[in-house]
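Novice: next one to model:
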Amino acid sequence: MTVQANVIKCKTSYPDSYKNIECIFHIRYELFEDKSLAYKGRFIGSKNKENGDKTKKFAYNRYSPLVFIGGVPRSGTTFMRVLLDSHSDIRCGEETRVIPDLLHMSSKWRKSSFESQRLSEAGITGHLLDSVVADFILEIMVKHGTPAPRLCNKDPLALQSALYLRHLVPNSKLLLMIRDGRAVVHSIISRNVTIGGYDLNDFCQCLKIWNKDISNMHNQCQQLGSDVCFPVRYKQFGLSTDQVIKPINIEALSQWVGRIPDDVVRDMATIAPMLSILGYDPLANPPNYGSADTSVELNMKRMEDHKQHWYAKQQQIISIRQNLTKHFNW
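Specialist: The predicted structure is shown next:
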């Protein structure tokens with residue numbers, strides 16, 4: 001199945017305060033293989049695009065080079081999604097939440113000999129099931145946001161089924177976000193993030209679940225190889241950010257220090273052996289995450305020296321966003 005998105009650019013006019021906005025794009029989706037489906041949406045075009053009426057067509061299928069961002073929640077998946085979304089040729093959008101559930105359910109069907117037999121008797125072969133699941137994922141990714149040359153998805157727990165996901169979408173690329181498990185669990189508990197299987201009242205239990213989840217994802221990622229599944233460490237956002245103005249959330253690297261129960265600190269190496277495998281010292285509080293790049297240190301000094309200037313620019317952007325929201329009733 002192929003889904004095509006026609007992006008039709010139209011001429012229009014706006015108040016003077018919105019001269020930077022060129023036009024609104026109308027979106028029409030077409031479903032091939034003798035099926036038809038119409039969908040209308042709209043999004044704001046860039047002032048850098050040429051004027052005039054044009055139609056851009058984007059066709060997607062399960063062999064498209066889709067990108068999937070995953071990892072244990074609170075490991076930097078949203079940071080990565082925002083960074084990719086800022087690129088004009090990429091659209092990720094918010095978490096769908098349904099893709100990991102579907103992959104998990106399909107995995108249970110395939111792994112259970114009893115369920116597999118029942119499905120086979122009903123004429124539902126593995127090939128048919130794979131095709132349906134792949135089409136479902138594609139439909140969700142294409143239609144829950146605006147068309148773009150490259151689509152991506154950020155559902156952290158989807159990478160629990162990384163091998164199967166790559167089987168369904170054979171030209172996909174996967175980004176596995178990796179963060180110190182102690183920081184992950186502290187973030188989950190302190191922010192009261194509800195995740196299935198995690199007891200927010202038990203730091204030790206959460207750390208064990210993190211260890212199991214990241215071990216599963218890491219093993220699958222290694223099987224796929226770095227050309228397909230690329231591990232990205234959370235600390236890189238804070239210590240190696242030469243292309244951004246300010247290091248991203250560098251304070252979060254060690255906020256967990258002093259907030260872990262003493263017995264958990266004592267038995268850390270036993271509770272979470274994946275810490276050592278991923279290169280974190282389970283006995284260090286905090287571990288040495290490395291030094292910031294020279295460019296990061298220069299950026300931090302520049303930010304401090306001109307903080308009033310950057311604060312004014314921040315307020316200007318916030319004001320523009322609020323005006324746009326009010327004008328378009330978003």
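Novice: how about stretch 220-230 as PDB, C-alpha atoms only?
Specialist: Presented in PDB, the C-alpha positions along stretch 220-230 are these (Å, rounded to 0.1, in the frame of the first residue of the first chain):
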ATOM      1  CA  GLN A 220      18.100  -5.600  19.700                       C
ATOM      2  CA  CYS A 221      19.900  -2.500  18.600                       C
ATOM      3  CA  GLN A 222      23.200  -4.300  18.700                       C
ATOM      4  CA  GLN A 223      21.700  -7.100  16.600                       C
ATOM      5  CA  LEU A 224      20.500  -4.600  14.000                       C
ATOM      6  CA  GLY A 225      23.900  -2.900  13.900                       C
ATOM      7  CA  SER A 226      24.900   0.700  14.000                       C
ATOM      8  CA  ASP A 227      24.000   1.300  10.400                       C
ATOM      9  CA  VAL A 228      20.400   0.600  11.300                       C
ATOM     10  CA  CYS A 229      20.100   1.400  15.000                       C
ATOM     11  CA  PHE A 230      22.200   4.300  16.200                       C
END
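Novice: residues contacting it, please?
Specialist: Leu159, Ala162, Leu163, Arg166, Ser172, Lys173, Leu174, Leu175, Leu176, Pro231 (CB atoms under 8 Å, 6 or more residues apart in numbering). The way it works is simple: take the backbone N, C-alpha and C, and place the C-beta from them, glycine included.
Novice: next one: stretch 276-290
Specialist: 178, 180-181, 214-215, 218, 235, 239, 253-254, 256-258, 260, 265, 268-269, 272-273, 275.
Novice: return the subset of those residues lying in strands.
Specialist: Counting by DSSP state E, these place Ile178 in strands.
Novice: which among the contacts of stretch 276-290 count as buried?
Specialist: Neighbour-count burial (16 or more other CB atoms under 10 Å) applied to the contacts of stretch 276-290 gives 178, 180-181, 214, 218, 235, 239, 253-254, 256, 260, 265, 268, 272, 275.
Novice: tell me which of those has the lowest pLDDT.
Specialist: Lowest pLDDT among the buried ones among the contacts of stretch 276-290: Leu239, with 50.
Novice: all strands for the stretch 151-300 of the chain, in order.
Specialist: 173-178, 229-233 (DSSP state E, counting those that start in this stretch).
Novice: would you tell me which one of the ones you listed is buried the most?
Specialist: strand 173-178 (a mean of 24; mean count of other CB atoms under 10 Å).
Novice: restricted to helices, list the contacts of stretch 276-290.
Specialist: Gly181, Ile214, Ser215, His218, Lys235, Leu239, Val265, Met268, Ala269, Leu275 (DSSP state H).
Novice: how about those in a markdown table, adding distance to Asn61?
Specialist: As requested, the ones in helices among the contacts of stretch 276-290 are exported to a markdown table (distance: CB to CB, whole Å):
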| residue | distance to Asn61 |
| --- | --- |
| Gly181 | 37 |
| Ile214 | 32 |
| Ser215 | 33 |
| His218 | 30 |
| Lys235 | 37 |
| Leu239 | 39 |
| Val265 | 50 |
| Met268 | 46 |
| Ala269 | 47 |
| Leu275 | 40 |
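Novice: just the closest of the residues you listed to Lys208, please.
Specialist: Ranking these by separation from Lys208, with CB to CB as the measure, puts Gly181 on top at 9.7 Å.
Novice: ok so, going back, can you tell me which of the strands of the stretch 151-300 of the chain the model trusts least?
Specialist: Minimum mean pLDDT among the strands of the stretch 151-300 of the chain: strand 229-233, a mean of 94.
Novice: that one: how far from the chain's middle?
Specialist: Remark: strand 229-233 is offset 12 Å from the chain centroid, using CA atoms, centre = their mean, to the nearest Å.
Novice: that strand vs strand 173-178, what angle?
Specialist: When axes from the mean of the first three to the mean of the last three CA atoms, to 10 degrees is applied, the directions of strand 229-233 and strand 173-178 differ by 30 degrees.
Novice: can you give me the strands in the stretch 1-150 of the chain?
Specialist: 2-9, 24-31, 40-44, 54-61, 67-70, 90-91, 150-154.
Novice: buried set for the fifth one?
Specialist: This points to strand 67-70. Those would be Val67, Phe68, Ile69, Gly70, for strand 67-70 by 16+ other CB under 10 Å.
Novice: partners of that strand in the sheet?
Specialist: strand 150-154 (parallel), strand 173-178 (parallel) (DSSP bridges).
Novice: what residues are up against the residue nearest the centre of the chain?
Specialist: In the chain, the residue lying closest to the centroid (CA atoms, centre = their mean) is Lys154, at 2.8 Å. Counting by CB under 8 Å, 6+ apart, Lys154 touches Phe68, Ile69, Gly70, Thr77, Thr78, Met80, Arg81, Cys92, Gly93, Glu94, Glu95.
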